[in-house]
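Novice: Give the three-dimensional model of this entry:
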Amino acid sequence: MERFDDEAVRRILARARELAPDGDAPDESGIEPAALIAAAEEVGYDPAVVGDAIALERLGPAASPPSVADRVSGPAEIIVELTVARSTDDALAVAEAWLADAHRMTCRRVEPGVLIARRRSDLAATIGRSITELRGDGRVGRIAAVRVDAVELSPSSDGTARSAVRLRADRSPTRRRRLTAGGVLGGTGVAVAAVGVAEAMFAWPLAVASLVGAGGVAAGSGRRHAERVEADVESLAAALQAGDRPVGTLRRVARAARRSAGS
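Specialist: This next block holds a predicted model:
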């Protein structure tokens, strides 16, 4: 069977536009999902797989290429993706329960399939987060903001609903502070070096090394913070995967009492 590669397809479509009479050329602004699925099916793709690919495309690009600052102090945004066996509404409801009840964040649905959670700074939220951390549920509530996107996928073979979920954790404020601290300390070290050379004083090299080293430590600590945030977001993703709702303190005590009584 004759096949055309991507470049050949582009050339053929460009030539077709040139040959088409004025006004007969197709709309070049894009292609409808149904038409794309039909075209993919014609060349042997599973329509369900193509539908899932279209759904994932609606989530947008996962991440931009890492910058120099990302390599120094970790990315500004931590992204974790997962697939859950429930509808998008149910997936967002579970996410909201964890973010609002367990991690004491302010949540709102900004549009269908999108949930935004922001860190609360009041005393009740601070105490609640401390309890959550002691229980081992992570420190997600200390993150500046978390965005949850959910799109519906094709059902599983037994008809169970499926959704793709993307968690985006914003750590830019912490990253910015650490990069700034590192830059200030490192810059001070360079300035001290310049003065030291000018004054020809032998004590300066030790001070320079200390300041530049402290700058590197301050900026580099951002990488460790990024790793902690990623671990916390992955813990949240595991809870969403399981579909469990957060358990309050009183319910935990009651459950522990029942276990003790049964043993």
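Novice: Parallel or antiparallel, list what pairs with the host helix or strand of Arg147.
Specialist: When secondary structure is defined using DSSP states H and E, the element that contains Arg147 is strand 145-153. Each strand pairing with strand 145-153, determined using DSSP bridges, is listed with its direction: strand 114-119 (antiparallel), strand 162-170 (antiparallel).
Novice: got the ones you listed as JSON lines, with mean pLDDT, mean neighbour count and distance to Thr83 columns?
Specialist: To be clear about C-beta, it is placed using only N, CA and C from the backbone, and glycine gets the same treatment. Formatted as JSON lines, these follow (pLDDT from 0 to 100; neighbours: other C-beta atoms under 10 Å; distance: least, C-beta to C-beta, whole Å):
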{"stretch": "strand 114-119", "mean pLDDT": "96", "mean neighbour count": "19", "distance to Thr83": "17"}
{"stretch": "strand 162-170", "mean pLDDT": "94", "mean neighbour count": "21", "distance to Thr83": "6"}
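Novice: Need those in CSV (columns: distance to Asp5).
Specialist: What follows is those, written out as CSV (distance: least, C-beta to C-beta, whole Å):
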stretch, distance to Asp5
strand 114-119, 37
strand 162-170, 29
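Novice: Please identify which of these is closest to Pro33.
Specialist: Each of these has some distance to Pro33 by C-beta to C-beta; the shortest is strand 162-170, at 15.5 Å.
Novice: Where do the helices of this protein begin and end?
Specialist: For the chain, applying DSSP state H gives helices covering 6-19, 33-42, 47-57, 68-73, 88-96, 123-134, 172-199, 204-242, 249-262.
Novice: ok, Arg139 - contacts?
Specialist: Remark: with contacts taken as C-beta atoms under 8 Å, 6 or more residues apart in numbering, Arg139 is in contact with 129, 132-133, 228, 232.
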